[in-house]
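1. return atomic coordinates for the entry below.
(2 chains)
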Amino acid sequence: AQTVTQSQPEMSVQEAETVTLSCTYDTSESDYYLFWYKQPPSRQMILVIRQEAYKQQNATENRFSVNFQKAAKSFSLKISDSQLGDAAMYFCAYRSYNNNDMRFGAGTRLTVKP
Amino acid sequence: DARVTQTPRHKVTEMGQEVTMRCQPILGHNTVFWYRQTMMQGLELLAYFRNRAPLDDSGMPKDRFSAEMPDATLATLKIQPSEPRDSAVYFCASGLSGKRGEKLFFGSGTQLSVL
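-> Residues are numbered from 1 along each chain as shown, chains lettered A, B, ... in the order given. Modelled structure (predicted):
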């Protein structure tokens, strides 16, 4: 079974600065999707960004970008120009292309300091 | 906007009682997932369905939990009898299978407290 590891339980960043959240995963598959979800205190799960494994180009969504290293099975999230509203739990997730189930990491709690 | 609807949003019950959580997936979606979120375990996959058929429920305690899809518009997760250790937030998510369906859409969750 695939596993997703987020080694940083908590991270902190100063407003307007940049922060990188780490994620590694283990799989024997070649086709899959990777995601970062944000969960604010409202507990709603919000999709931040996704990456298809067959694409070499790193996904970008406004201030959010990823560093996808397929050989290293690494998928980090970079948040630029951090804002107070970015404070939340961030979950890295892996979705199997064939089986369609989605597995989550343990999460990283991000604090943004004014 | 299409959304996944979960009811109830909060549930407080006593140990031993039956609990039923409901989920209405987004119309047209053919996969439904149930997750449990706790501080200790994070997000655990309990069960998921494709085209209403259960594909994997290995994450679910079989003796007390059951998940069903009576029809394409309703998924249920039942706990009988409930125990204090079942206290958690239970999320339902839906999506499309295959290449079209890399995204999952989550409901707002049911916060369950078993006293």
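2. so which residues of the chain form strands?
-> Unless you meant another one, I'm taking chain A. Per DSSP state E, chain A carries strands over the ranges A:3-5, A:10-14, A:19-21, A:24-26, A:32-39, A:46-52, A:60-61, A:64-69, A:74-79, A:88-96, A:102-104, A:108-113.
3. wrong one, I was asking about chain B
-> B:5-7, B:10-13, B:19-24, B:31-38, B:42-50, B:53-56, B:65-71, B:74-79, B:88-95, B:104-106, B:110-114.
4. quick check, pLDDT for the closest residue to residue A:92 other than its chain neighbours.
-> Closest residue to residue A:92 apart from its sequence neighbours, by Cβ to Cβ, 6 or more residues apart in numbering or on different chains: residue A:23 at 3.4 Å. For the C-beta atoms, the positions are set from N, CA and C on the backbone; glycine is no exception. pLDDT for residue A:23: 97.
5. okay, and the beta partners of residue A:67?
-> Beta-bridge partners of residue A:67, counted by DSSP bridges, are residue A:76.
6. my read: it touches residue A:58, true?
-> Yes. Between residue A:67 and residue A:58 there is a contact at 6.1 Å, judged by Cβ atoms under 8 Å.
7. where does chain A dip in pLDDT?
-> Low-confidence segments of chain A (pLDDT under 70): A:1, A:99-100.
8. which residues does the residue nearest the centre of it contact?
-> Closest to where the C-alpha atoms of chain A average out (Cα atoms, centre = their mean) is residue A:36, at 3.3 Å. Residue A:36 sits next to A:21, A:23, A:47-50, A:64, A:66, A:75, A:77, A:90-93 when contact means Cβ atoms under 8 Å, 6 or more residues apart in numbering or on different chains.
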